[in-house]
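Q: Quick one: sequence plus predicted model below, questions after.
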Amino acid sequence: MKIAFKHLSKYFGKVKAVDNLNLEVGDGEFVALLGPSGCGKTTILLMIAGIYKPTKGLIYFDQRVVNNVLPKDRKIGMVFQSYALYPHMAVFDNIAYPLKLKKVHRKETKERVQRVADMMGIGELLDRKPAQLSGGQQQRVALARALIKEPEILLLDEPLSNLDARLRIMMRSELKRLQKDLGITTVFVTHDQLEALTMADRVAVVNLGCFQQFSTPDELYNHPKNLFVAGFIGSPPINFINVSLEKSDGRFLLKSRDLEIPLPKELGSKAGNNSTSSEVVLGIRPEHILINEKEGIDTEIYVVEPLGREILVSAKLGDSMIKVLTSPPFKANMGDRVRLSFNLDKIMLFDKKTEKSLLLDKD
Amino acid sequence: MTLRQKLRPALAYLALIVPSALILLGFLWLFITSFSTRTEGLRSLGWTWRNWSFLWESPFGPHYPSIWWVTLNTLVMSLIMTLIVVAVSSMTAYALSRMKFAGRKSFLSLTLILHAFPSVTLLIPIYFVLLWVSKIPVIGRGVPLLGGLGYNTIGGVALVMVAFQLPFGIWVMKGFFDNISWDMERSALIDGASRFKVWWQIMMPNIKPGIAALSIFSFITAWNAYLIPLTFTAGRAGKSAVLSLYLQNFISESVMTEWNAVAAVGLFQLIPVVIFFLFTQQALLNIYGGGKKGGV
Ligand SMILES: Nc1ncnc2c1ncn2[C@@H]1O[C@H](COP(=O)(O)OP(=O)(O)OP(=O)(O)O)[C@@H](O)[C@H]1O
Ligand SMILES: [Mg+2]
């Protein structure tokens, strides 16, 4: 089933939890909503589920407007962040509850519960009460309960956030696989960018109730539309440097007190065309900076942090700190002077005022 | 441990023991008196079973209802009242806790005010209301078993007591509902439950401690009620309506009051409450402790 929002808004009194969203989720697509805490992710899910009524705007399932359809008629399975298992019921009854409400025959219920429980690897736990389960097991029960009615849309509200790191990585791949096998249109909410980027077909970055960008993980990482997305995606985070965009001899330059970078012709003219003023923010990811001794910007090493596979170097440039990812071996020590050169194919430029990217073609 | 640290619990115990001892002394007197012909302070001047004879023969003559009949009456009234209070307050409290509707806030503050309202001041207006209800055909006086809902009927008394008990019940139940996560309820709605089913199948089982506590509390209140049954019943039927009123038969202007018999009946009325309380005090504490602990 396809899901679409048209100018969807939800206000709680003065709080604009969701503000004028437009979105289309394709049939069988796995979409992640990624954003910081309190940005309205859960509110969006609850509107899809029909628990909240939108203040404004329309929600479509396929071609049908469902604003006034009751939750029980929406064919939705949802896993809550808290799992929301029914503590007074055994695992079997928890999973069977949606079927019980549909008055499915006892024998069929039994078979279906067993089947979905086996699929989730909790077939042995059906007699237990939720309080007697571990977090990971509870999560599977919640997932089984959401899946048993064979929903057309699956909503997952931070289902992995209560699990420990190892289990989370395992469930990440399992969930992705399961979603592809079942082909259910899925909206997944998380504030963990790694989860969003690794699992989803497309990621919607949400902030302050608005979509910042909705695109593939690759697009999001390499061509962020604005400062927020660029800063939010990536770990260790991207470096931002305030510079001014200047033109001399027909070529564009990025200039600040500590650096001067001539831009390639195409890049420069694009930025020049799109910018509203000369004040620009230069963004460069830590892995796109090269450390060497000969050429580039002169800096001093502030600290060196080995991460195992890579080494994270912090270098002082004027008042700001530049993070650089480099591969071992790395010889220099704290206090040494090194030179940094930026991979100009990978740099990003943003308008300081509008915070929009200067390198994207105008829509 | 310093002396000061030792003194604190000692003082606390002292503060608890002294009033408890005084109350216990009263009960001791009651106990001794009920088995004595006469007493002098706590000293019995002769033991006897005669004061308890009301258990097998009516002290006011054979045409008068037996104590067992009165006990049954009290039990029925208390149970009915408990049932109504629990049912109505849990439904009301669910709506107040979970739904948005016009007048919700004012309703809430109104129940709080009613709970704090000195009920004695309402007795006379309610008397007129019940008199008026009596005049309504059928429900006024014609209902079998309860008699009706008007003045001088069991139904009428129960109605008034329910009304007085409801504000408290609603507040207690709302507290329990407020403690249940919204997600569980939303999840049930998405699973396909109606509002009523959410209330009955998901919410109610999870506030069992609250239901237990409120039931016990209502039951004991009803069992011990005196003022309201006294005010809204009249004549001999009234005096044999519930146990607390039955006692009144012993007190009359023409004959000397048999205090020993009064003590025995009083003790008899007390026994179920004490037994009940012993088994349920844990649940009762819940009402004031603010909901359940543990669980998921
Ligand atoms: N029922 C409500 N009444 C009033 N305000 C609400 C309500 N639900 C959410 N909000 C507000 O709306 C905003 C978005 O909330 P929401 O729960 O959707 O955030 P979220 O993105 O899911 O955050 P988190 O990652 O912490 O779960 C918040 O500012 C929140 O305070
Ligand atoms: Mg949330």
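A: It's in. Ligands and ions are numbered 1, 2, ... in the order given.

Q: May I have the phi/psi pair for residue 204?
A: In the absence of a named chain, chain A is used. Per-residue torsions, residue A:204: phi -100, psi 120 (degrees, to the nearest 10).

Q: actually it's chain B I care about, not the one you picked
A: Per degrees, to the nearest 10, the backbone of residue B:204 is at phi -60, psi -50.

Q: By mean pLDDT, point me to the weakest helix or strand of the chain.
A: No chain in the question, so chain A it is. Using mean pLDDT, DSSP states H and E, helix A:265-274 stands out as the lowest-scoring helix or strand of chain A, at a mean of 82.

Q: right idea, wrong chain: chain B
A: helix B:235-239 (a mean of 66).

Q: Go ahead and measure how far the helix or strand following it is from the middle of the chain.
A: Note on helix B:235-239: by DSSP states H and E, the next helix or strand toward the C-terminus is helix B:243-246. Taking CA atoms, centre = their mean, to the nearest Å, one finds helix B:243-246 lying 14 Å from the centre of the chain it belongs to.

Q: cool, and stretch B:220-235?
A: Taking the mean of its C-alpha atoms, stretch B:220-235 sits 10 Å from the chain's own mean (CA atoms, centre = their mean).

Q: And for that stretch, what's in contact with it?
A: Here stretch B:220-235 makes contact (CB atoms under 8 Å, 6 or more residues apart in numbering or on different chains) with B:74, B:77-78, B:81-82, B:119-120, B:123, B:126-127, B:130, B:151-152, B:156-158, B:160-161, B:164-165, B:238-239, B:241-245, B:248, B:269, B:272-273, B:276-277. The C-beta positions use only the backbone N, C-alpha and C, and glycine is treated the same way.

Q: Could you check which helix or strand contains residue A:6?
A: strand A:3-12.

Q: quick one on the thing from earlier: which among the contacts of stretch B:220-235 end up buried?
A: B:74, B:77-78, B:81-82, B:126, B:130, B:151-152, B:156-158, B:160-161, B:164-165, B:238-239, B:241-245, B:269, B:272 (16 or more other CB atoms under 10 Å in any protein chain shown).

Q: Now for residue 49: which residues touch it?
A: Answering for chain A, as no chain was given. Neighbours of residue A:49 in contact, by CB under 8 Å, 6+ apart: A:71, A:74, A:76, A:78, A:155, B:186, B:190.

Q: not quite, I wanted chain B
A: So residue B:49 contacts residue B:35 (CB under 8 Å, 6+ apart).

Q: Next, give phi and psi for it.
A: phi -100, psi -10.

Q: any idea of the pLDDT on it?
A: Reading off the confidence values, residue B:49 has pLDDT 82.

Q: Report the separation between it and ligand 1.
A: Distance, residue B:49 to ligand 1, using CB to the nearest ligand atom, to the nearest Å: 67 Å.

Q: Nearest residue to residue A:104 in space, ignoring adjacent ones along the chain?
A: residue A:112 (7.5 Å; CB to CB, 6 or more residues apart in numbering or on different chains).

Q: List the buried residues for the helix or strand hosting the one you found?
A: Using DSSP H and E, residue A:112 sits in helix A:106-120. Judged by neighbour count using 16+ other CB under 10 Å, the buried positions of helix A:106-120 are A:109, A:112, A:113, A:116, A:117, A:119, A:120.

Q: likewise stretch A:53-67?
A: A:54, A:57, A:59, A:60, A:61, A:66.

Q: May I have the secondary structure class of the residue lying closest to the last one once chain neighbours are set aside?
A: What it means is residue A:66. In space, and not counting its chain neighbours, residue A:66 is closest to residue A:59: 5.4 Å by CB to CB, 6+ apart. Three-state call for residue A:59 (DSSP: H, G, I helix; E, B strand; the rest coil): strand.

Q: circling back to that earlier point, any idea which of the buried residues of helix A:106-120 is closest to residue A:306?
A: When those are ranked by distance to residue A:306 (CB to CB), residue A:120 comes first, at 39.1 Å.

Q: Okay, and the most centrally placed residue in chain B sits in which element?
A: Among the residues of chain B, the one closest to the centroid is residue B:221, at 1.4 Å (CA atoms, centre = their mean). Secondary structure assigned from DSSP H and E places residue B:221 in helix B:208-224.

Q: and the next element down the chain from that helix?
A: Following helix B:208-224 toward the C-terminus (DSSP H and E): helix B:227-232.

Q: What's the first helix or strand after the longest helix belonging to chain A?
A: Using DSSP state H to define each element, chain A has its longest helix at helix A:165-182. As assigned by DSSP H and E, the chain's next helix or strand after helix A:165-182 is strand A:185-190.

Q: Which elements pack onto the helix holding residue A:112?
A: helix A:91-101, helix A:135-147 (3 or more CB pairs under 8 Å, 6 or more residues apart in numbering or on different chains; DSSP states H and E).

Q: closest one to ligand 1 among those helices?
A: Nearest to ligand 1, of all these, is helix A:135-147, at 16.1 Å by CB to the nearest ligand atom.

Q: from what I can see the residue nearest to residue A:104 touches residue A:98, true?
A: No: Residue A:112 is not in contact with residue A:98 according to CB atoms under 8 Å; the separation is 10.0 Å.

Q: Report the two of the contacts of residue A:49 separated the most.
A: Top of the distance list for these (CB to CB): A:74 and B:186, 12.5 Å.

Q: What parts of chain B come near chain A?
A: With CB under 8 Å from any CB of the partner chain as the criterion, chain B meets chain A at residues B:181, B:183-184, B:186-194, B:197, B:202, B:205-206, B:294-296.

Q: among those, which ones are buried?
A: Here, 16+ other CB under 10 Å leaves B:183-184, B:186-193, B:197, B:202, B:206, B:296 buried among these.

Q: need the residues you listed in JSON lines with distance to ligand 1, can you?
A: Putting those into JSON lines (distance: CB to the nearest ligand atom, whole Å) gives the following:
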{"residue": "B:183", "distance to ligand 1": "11"}
{"residue": "B:184", "distance to ligand 1": "16"}
{"residue": "B:186", "distance to ligand 1": "11"}
{"residue": "B:187", "distance to ligand 1": "16"}
{"residue": "B:188", "distance to ligand 1": "18"}
{"residue": "B:189", "distance to ligand 1": "15"}
{"residue": "B:190", "distance to ligand 1": "16"}
{"residue": "B:191", "distance to ligand 1": "21"}
{"residue": "B:192", "distance to ligand 1": "23"}
{"residue": "B:193", "distance to ligand 1": "20"}
{"residue": "B:197", "distance to ligand 1": "23"}
{"residue": "B:202", "distance to ligand 1": "19"}
{"residue": "B:206", "distance to ligand 1": "21"}
{"residue": "B:296", "distance to ligand 1": "19"}
